[in-house]
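Participant: Using only what follows, build the 3D model:
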Amino acid sequence: MAPVSTADLNLAATNGPPTKISDPKNTSNQEIGFLSPPTLHFPNKVAEREYIKGRLAGAYRIFGHFGLNEGLAGHITVRDPIDPTTFWVNPFGVDFNLIQRSDLLRVDHQGNILDHGKVKVLNRAAFLIHGAIHEARPDVMCAAHTHSVYGRAFCALGKQLDTISLESCIFYDDHVVFEGKGVVLASDEGQDIAAALGDKKAALLRNHGLLTVGQTIEEAVNWFYMLDKCCHVNLLADAAASGRGTETVKISQEEAEYTRGVAGSHKGGWMGGNAMFDLIDELTGKKYLE
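Facilitator: This is a model prediction of the structure:
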């Protein structure tokens, strides 16, 4: 898996690879079913920063590959390991499928660009939404928001997901509907989103799109992918049930809570997302690390 190989870091010799990495495939001390994220030890914080930036660039490629982005809208952010009061984000105007590690911007909660690549342009909504979330949720390392097709369609309904599949149970009582104004143009709107999200893993922004958060980049990516799929399934099931003059069958609260506790755990989120990084590495030859 990608986090295990020191070659994946592609760091300059002065930074160096991690000095010690635990193998997530070693299940001797793992619970059956899901693996824990590997423990990475870096020679210095600069090396850790470069690794995190590489994973973030890979996350954009994953979203692009699965069609989770729409035009220039959307952003994924990750907290900076050297200065946790700042975060890394994509430059506005660069397609997700072309994002590289060297393109990323580091910004503070006021929207000031502190580090940048070739393009020094920031999407205002990126720091308004993500800045508020990173400030309100110290447990969140990564937050993802785009205007995915099925997410947008379902968000127009202004309702939560129905527990009609095992995947939807991942978000049972762990997502919210935010009844906002659409485009985020003011700081209070970002703060309102963060307040509505609370301690949940996801939010459906009415007439806007999806938002997910995670303790790891992999987790946030996986939750977003799963949430968009659940929106798609919910729309299909509702349409089919309506055509038949019936209603969809819902999973019981007890079963939904159990499924969320297992598949919706931090381990489950990381493991699902990590598999996507393996895929994007194979498809891109890790070009995003440049």
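Participant: show me where the stretch 101-250 of the chain has helices.
Facilitator: 124-136, 149-155, 166-169, 187-197, 217-244 (DSSP state H, counting those that start in this stretch).
Participant: Tabulate these (CSV), appending mean neighbour count, mean pLDDT and distance to residue 103.
Facilitator: From N, CA and C alone the C-beta is placed, and that goes for glycine too. Shown next, in CSV, are the helices of the stretch 101-250 of the chain (neighbours: other CB atoms under 10 Å; pLDDT from 0 to 100; distance: least, CB to CB, whole Å):
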stretch, mean neighbour count, mean pLDDT, distance to residue 103
helix 124-136, 22, 87, 14
helix 149-155, 20, 97, 25
helix 166-169, 21, 97, 32
helix 187-197, 19, 88, 23
helix 217-244, 20, 98, 16
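Participant: Quick one: closest of those helices to residue 48.
Facilitator: helix 217-244 (12.9 Å; CB to CB).
Participant: still on that earlier bit, closest one to residue 254 among the helices of the stretch 101-250 of the chain?
Facilitator: helix 166-169 (10.7 Å).
Participant: Could you list every helix and strand in contact with the closest one?
Facilitator: helix 217-244, helix 253-263 (3 or more CB pairs under 8 Å, 6 or more residues apart in numbering; DSSP states H and E).
Participant: how much space between residue 210 and residue 75?
Facilitator: 12 Å (CB to CB, to the nearest Å).
Participant: neighbour-wise, which of these two wins?
Facilitator: Between residue 210 and residue 75, counted using other CB atoms under 10 Å, residue 210 has the larger neighbour count: 27 against 21.
Participant: excluding its backbone neighbours, what's nearest the more buried one?
Facilitator: residue 151 (3.8 Å; CB to CB, 6 or more residues apart in numbering).
Participant: My read is that the one you found contacts residue 226, right?
Facilitator: No: checked against CB atoms under 8 Å, the pair residue 151 and residue 226 is beyond contact range at 11.2 Å.
Participant: mind showing which ranges of this protein have poor pLDDT?
Facilitator: 1-33, 181-187 (pLDDT under 70).
Participant: Dihedrals phi and psi, the residue of it most remote from its centre?
Facilitator: Here the chain reaches farthest from its C-alpha mean at residue 245, the gap being 36.7 Å by CA atoms, centre = their mean. Backbone torsions for residue 245, taken as degrees, to the nearest 10, come to phi 70, psi 30.
Participant: As a check, name the ranges of all strands in the protein.
Facilitator: 20-21, 40-41, 75-79, 87-89, 105-107, 113-115, 142-146, 175-178, 202-205, 209-214 (DSSP state E).
Participant: what lines up beside the fourth one in the sheet?
Facilitator: Spelled out, it's strand 87-89. Applying DSSP bridges, strand 87-89 is found paired with strand 75-79 (antiparallel), strand 105-107 (antiparallel).
Participant: Would you mind finding the most buried of those strands?
Facilitator: Stretch with highest mean neighbour count among the strands paired with strand 87-89: strand 75-79 (a mean of 26; mean count of other CB atoms under 10 Å).
Participant: In stretch 269-283, which residues are buried?
Facilitator: Of the residues in stretch 269-283, those with enough neighbours to count as buried (16 or more other CB atoms under 10 Å) are 269, 270, 271, 272, 273, 274, 276, 277, 280, 281.
Participant: Correction: the previous question concerned stretch 96-109.
Facilitator: 96, 99, 100, 101, 103, 104, 105, 106, 107, 109.
Participant: same question, stretch 55-74
Facilitator: Going by 16+ other CB under 10 Å, stretch 55-74 has these buried residues: 55-66, 68-69, 73-74.
Participant: Quote the end-to-end distance of that stretch.
Facilitator: With CA to CA, to the nearest Å as the measure, stretch 55-74 spans 17 Å from end to end.
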